[in-house]
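In: prediction below, plus the sequence it came from.
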Amino acid sequence: MSEHGISKSLPKMCKQEHINIYSGRQRPRSLARLARMPFEIWWLFTTKAIIDVITLNPKIYIRKIRAQYIRERRAKDTDEDEIKALLGLLLLTGIFRSSRLNLCNFSNIDGTSVEIFSSKMSLQRLRFLLRCMRFDDHATRSGRKLQDKLIIGCATNFLSHCFFN
(Lines give C-alpha, C1' and ligand atoms only; values in the text may rest on other atoms or scores of the structure.)
Protein backbone atom coordinates (compact mmCIF):
# COMPACT_ATOMS: atom_id res chain seq x y z
CA MET A 1 0.00 0.00 0.00
CA SER A 2 1.16 3.49 -0.73
CA GLU A 3 0.90 6.39 1.67
CA HIS A 4 -2.40 7.43 0.01
CA GLY A 5 -4.08 4.04 0.60
CA ILE A 6 -3.85 2.88 -3.01
CA SER A 7 -2.57 -0.59 -3.75
CA LYS A 8 0.48 -0.72 -6.02
CA SER A 9 -0.03 -4.34 -7.03
CA LEU A 10 -2.73 -5.52 -9.40
CA PRO A 11 -5.47 -7.74 -8.00
CA LYS A 12 -4.90 -11.46 -8.36
CA MET A 13 -6.80 -12.80 -11.36
CA CYS A 14 -8.15 -16.21 -10.52
CA LYS A 15 -11.10 -18.34 -11.37
CA GLN A 16 -14.06 -18.37 -9.03
CA GLU A 17 -14.69 -21.53 -7.11
CA HIS A 18 -17.44 -23.72 -8.44
CA ILE A 19 -19.72 -23.90 -5.44
CA ASN A 20 -23.46 -24.45 -5.87
CA ILE A 21 -23.27 -24.15 -9.63
CA TYR A 22 -25.58 -26.51 -11.50
CA SER A 23 -23.75 -27.69 -14.59
CA GLY A 24 -26.36 -30.08 -15.93
CA ARG A 25 -28.71 -29.17 -18.74
CA GLN A 26 -31.89 -27.57 -17.52
CA ARG A 27 -34.94 -28.92 -19.27
CA PRO A 28 -38.54 -29.83 -18.63
CA ARG A 29 -39.38 -32.91 -16.63
CA SER A 30 -41.94 -35.68 -17.13
CA LEU A 31 -44.87 -34.79 -19.41
CA ALA A 32 -43.52 -31.35 -20.26
CA ARG A 33 -40.90 -33.02 -22.48
CA LEU A 34 -43.64 -34.29 -24.76
CA ALA A 35 -45.48 -30.97 -25.11
CA ARG A 36 -44.90 -29.25 -28.43
CA MET A 37 -47.53 -26.51 -28.66
CA PRO A 38 -47.95 -23.59 -26.21
CA PHE A 39 -51.46 -24.65 -25.20
CA GLU A 40 -50.18 -28.13 -24.34
CA ILE A 41 -47.63 -26.56 -22.01
CA TRP A 42 -50.33 -24.31 -20.52
CA TRP A 43 -52.52 -27.30 -19.68
CA LEU A 44 -49.65 -28.95 -17.81
CA PHE A 45 -49.74 -26.12 -15.27
CA THR A 46 -53.45 -25.32 -15.11
CA THR A 47 -55.98 -28.07 -14.68
CA LYS A 48 -59.69 -28.20 -15.33
CA ALA A 49 -60.27 -27.95 -11.58
CA ILE A 50 -58.45 -24.61 -11.42
CA ILE A 51 -60.42 -23.27 -14.39
CA ASP A 52 -63.68 -24.48 -12.81
CA VAL A 53 -62.94 -22.62 -9.57
CA ILE A 54 -62.01 -19.48 -11.48
CA THR A 55 -65.21 -19.79 -13.56
CA LEU A 56 -67.60 -20.60 -10.70
CA ASN A 57 -66.94 -17.65 -8.41
CA PRO A 58 -67.34 -14.90 -11.05
CA LYS A 59 -70.64 -16.55 -12.04
CA ILE A 60 -71.86 -16.22 -8.44
CA TYR A 61 -70.77 -12.59 -8.29
CA ILE A 62 -72.35 -11.77 -11.69
CA ARG A 63 -75.69 -13.20 -10.53
CA LYS A 64 -75.43 -11.04 -7.43
CA ILE A 65 -74.83 -7.76 -9.30
CA ARG A 66 -77.04 -8.45 -12.34
CA ALA A 67 -79.92 -6.40 -10.89
CA GLN A 68 -77.78 -3.25 -11.03
CA TYR A 69 -77.66 -3.36 -14.84
CA ILE A 70 -80.48 -2.07 -17.03
CA ARG A 71 -79.55 -4.29 -19.96
CA GLU A 72 -79.30 -7.91 -18.96
CA ARG A 73 -76.86 -8.75 -21.75
CA ARG A 74 -74.20 -6.54 -20.16
CA ALA A 75 -74.16 -8.83 -17.15
CA LYS A 76 -74.50 -12.19 -18.85
CA ASP A 77 -72.90 -15.23 -17.25
CA THR A 78 -69.41 -16.26 -18.16
CA ASP A 79 -68.30 -19.71 -19.17
CA GLU A 80 -65.12 -21.75 -19.20
CA ASP A 81 -64.08 -20.69 -22.71
CA GLU A 82 -64.44 -17.01 -21.89
CA ILE A 83 -62.34 -17.38 -18.73
CA LYS A 84 -59.66 -19.22 -20.73
CA ALA A 85 -59.67 -16.37 -23.26
CA LEU A 86 -59.37 -13.82 -20.45
CA LEU A 87 -56.43 -15.68 -18.91
CA GLY A 88 -54.80 -15.90 -22.33
CA LEU A 89 -55.19 -12.15 -22.87
CA LEU A 90 -53.72 -11.45 -19.44
CA LEU A 91 -50.81 -13.73 -20.30
CA LEU A 92 -50.28 -11.82 -23.54
CA THR A 93 -50.13 -8.52 -21.67
CA GLY A 94 -47.27 -10.00 -19.67
CA ILE A 95 -45.54 -11.25 -22.81
CA PHE A 96 -45.79 -7.81 -24.43
CA ARG A 97 -44.52 -6.20 -21.19
CA SER A 98 -47.46 -3.87 -21.18
CA SER A 99 -48.48 -3.88 -17.53
CA ARG A 100 -48.50 -0.08 -17.29
CA LEU A 101 -50.61 0.53 -20.37
CA ASN A 102 -54.23 1.53 -20.16
CA LEU A 103 -56.76 -1.15 -21.00
CA CYS A 104 -58.14 1.06 -23.80
CA ASN A 105 -54.79 0.83 -25.61
CA PHE A 106 -55.28 -2.89 -26.14
CA SER A 107 -58.58 -2.54 -27.96
CA ASN A 108 -57.86 0.32 -30.36
CA ILE A 109 -59.27 -0.32 -33.81
CA ASP A 110 -57.01 2.22 -35.52
CA GLY A 111 -54.21 -0.32 -35.98
CA THR A 112 -52.04 0.75 -33.05
CA SER A 113 -52.99 -2.11 -30.75
CA VAL A 114 -52.49 -5.84 -30.69
CA GLU A 115 -55.19 -7.26 -32.94
CA ILE A 116 -55.99 -10.32 -30.85
CA PHE A 117 -57.40 -8.24 -28.00
CA SER A 118 -60.11 -6.59 -30.06
CA SER A 119 -60.88 -9.79 -31.95
CA LYS A 120 -61.26 -11.97 -28.85
CA MET A 121 -63.62 -9.82 -26.76
CA SER A 122 -64.85 -6.26 -26.54
CA LEU A 123 -63.30 -3.73 -24.21
CA GLN A 124 -66.55 -3.45 -22.27
CA ARG A 125 -66.72 -7.22 -21.68
CA LEU A 126 -63.03 -7.36 -20.74
CA ARG A 127 -63.51 -4.64 -18.13
CA PHE A 128 -66.62 -6.35 -16.79
CA LEU A 129 -64.89 -9.71 -16.41
CA LEU A 130 -61.86 -8.17 -14.71
CA ARG A 131 -64.19 -6.41 -12.29
CA CYS A 132 -66.03 -9.66 -11.55
CA MET A 133 -62.99 -11.89 -11.07
CA ARG A 134 -63.33 -13.59 -7.69
CA PHE A 135 -61.48 -16.56 -6.32
CA ASP A 136 -63.76 -17.17 -3.36
CA ASP A 137 -67.46 -17.17 -2.53
CA HIS A 138 -68.59 -14.05 -0.68
CA ALA A 139 -71.09 -16.06 1.41
CA THR A 140 -68.38 -18.23 3.01
CA ARG A 141 -65.66 -15.57 3.17
CA SER A 142 -66.02 -14.67 6.86
CA GLY A 143 -65.57 -18.27 8.00
CA ARG A 144 -62.68 -18.82 5.66
CA LYS A 145 -60.85 -15.67 6.78
CA LEU A 146 -60.31 -17.31 10.14
CA GLN A 147 -58.57 -20.26 8.47
CA ASP A 148 -56.68 -18.82 5.54
CA LYS A 149 -56.51 -15.55 3.65
CA LEU A 150 -55.14 -16.82 0.34
CA ILE A 151 -56.63 -18.78 -2.51
CA ILE A 152 -54.75 -21.74 -1.15
CA GLY A 153 -56.62 -24.42 -3.12
CA CYS A 154 -55.79 -23.06 -6.56
CA ALA A 155 -52.32 -21.95 -5.53
CA THR A 156 -51.20 -25.33 -4.16
CA ASN A 157 -52.63 -27.15 -7.18
CA PHE A 158 -50.83 -24.80 -9.58
CA LEU A 159 -47.54 -24.95 -7.67
CA SER A 160 -47.57 -28.74 -7.50
CA HIS A 161 -47.99 -28.88 -11.29
CA CYS A 162 -45.15 -26.39 -11.70
CA PHE A 163 -42.90 -28.53 -9.52
CA PHE A 164 -43.56 -31.80 -11.35
CA ASN A 165 -43.32 -30.39 -14.87
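Out: In hand now; what should we look at? Numbers count the residues shown, from 1 in each chain.
In: low-confidence ranges in the protein?
Out: Applying pLDDT under 70 to the chain picks out residues 1-25, 99, 108-113, 141-151.
In: which stretches of this structure form helices?
Out: Using DSSP state H, the helices of the chain run over residues 38-45, 48-65, 80-95, 115-120, 123-132, 141-147, 152-164.
In: can you list the buried residues in the last one?
Out: Within helix 152-164, the residues that qualify as buried by neighbour count (16 or more other C-beta atoms under 10 Å) are 154, 157, 161. No exception for glycine: its C-beta is placed from N, CA and C like everyone else's.
In: spatially central residue in this structure, please.
Out: In the chain, the residue lying closest to the centroid (C-alpha atoms, centre = their mean) is residue 91, at 5.9 Å.
In: any idea how far that residue is from residue 57?
Out: 20 Å (C-beta to C-beta, to the nearest Å).
In: ok, which of the helices of the chain comes nearest residue 106?
Out: Closest approach to residue 106 among the helices of the chain is made by helix 115-120 (4.1 Å; C-beta to C-beta).
In: sweet, I'm off.
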